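**Q** sequence? don't have it. structure:
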């Protein structure tokens, strides 16, 4: 949600229409997408799925959508497990209010028995069928993310190793193709190394 709002892809007043989708995707495997629906029907034609890592967005009904398996939907109030016989985003109903399609983790009455889509009693989760929703849900995420300082010596070692390998392969390729000897201008290489960071900064301005 924060990623979408920072990048101004959606309006801040649309935050109540955003949910988390937990499932499997290609090529990352187990993944989490951000779901945004444009209408209350929540059909596959109205649901957009955002990959917060890449910024790519797909409609749920798109055959090219890399999200191939949907297991759970997380809202601001509850967590819903997918009970539908299908798991593809193209055929799923995203209406989490339908308890025949989505099983909520928290309920006002924990004694209420829910049935799976097949009509049988759900035994997917042993123990109580549902739990009462706690008055406050606390986040387990650290308020401030901590990152280790990068190892600059190791990074320089990798850079030199890659540079030498690229030069060796280029020399080998030119020797095979043209029978030519390849030499590199060290002074020009140092100039380009100093120029590339400046060009990268200009790309983002």
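**A** Yep, that arrived. Bear in mind the structure is a predicted one, so any value in this text is a computation, not a measurement.

**Q** C-alpha only now, for contacts and for neighbours.
**A** OK.

**Q** and residue 174, backbone torsions?
**A** Listed backbone geometry of residue 174 is phi -70, psi -30, with angles given as degrees, to the nearest 10.

**Q** Contact partners for it?
**A** 180, 181, 182 (Cα atoms under 8 Å, 6 or more residues apart in numbering).

**Q** pLDDT score for the first one?
**A** Per-residue pLDDT puts residue 180 at 84.

**Q** Could you tell me how many residues sit around residue 152?
**A** 9 (other Cα atoms under 10 Å).

**Q** cool, residue 151 as well?
**A** Residue 151 - counted by other Cα under 10 Å - has 8 other residues nearby.

**Q** next one: residue 68
**A** Count around residue 68 with other Cα under 10 Å applied: 17.

**Q** Then residue 29?
**A** Counted with other Cα under 10 Å, residue 29 comes out at 13.

**Q** just residue 75 next, same as before
**A** Around residue 75 there are 16 residues (other Cα under 10 Å).

**Q** where does the closest residue to it other than its chain neighbours land in three-state SS?
**A** Using Cα to Cα, 6 or more residues apart in numbering and skipping the chain neighbours, the partner closest in space to residue 75 is residue 19 (5.2 Å). Of the three states, residue 19 takes strand under DSSP: H, G, I helix; E, B strand; the rest coil.

**Q** Number of residues surrounding residue 19?
**A** Counted with other Cα under 10 Å, residue 19 comes out at 19.

**Q** And for residue 50?
**A** Residue 50, neighbours per other Cα under 10 Å, totals 22.

**Q** For it, which residues are in contact?
**A** 33, 34, 35, 36, 56, 57, 58.

**Q** Just flag the most distant two among those residues.
**A** Using Cα to Cα, the pair of the contacts of residue 50 lying farthest apart is 36 and 56, separated by 13.0 Å.

**Q** Compare those two (neighbour count), which wins?
**A** Per other Cα under 10 Å, whichever of residue 36 and residue 56 has more neighbours is residue 36, with 23 against 10.

**Q** does that one have beta-bridge partners, and which?
**A** Residue 36 has the following beta-bridge partners by DSSP bridges: residue 18, residue 48.

**Q** I'd assumed residue 51 was in contact with it.
**A** No. The criterion here is Cα atoms under 8 Å, and residue 36 misses it with residue 51 at 11.4 Å.

**Q** out of the contacts of residue 50, which are buried?
**A** By neighbour count, with 16 or more other Cα atoms under 10 Å, the contacts of residue 50 hold 33, 34, 35, 36, 57, 58 as buried.
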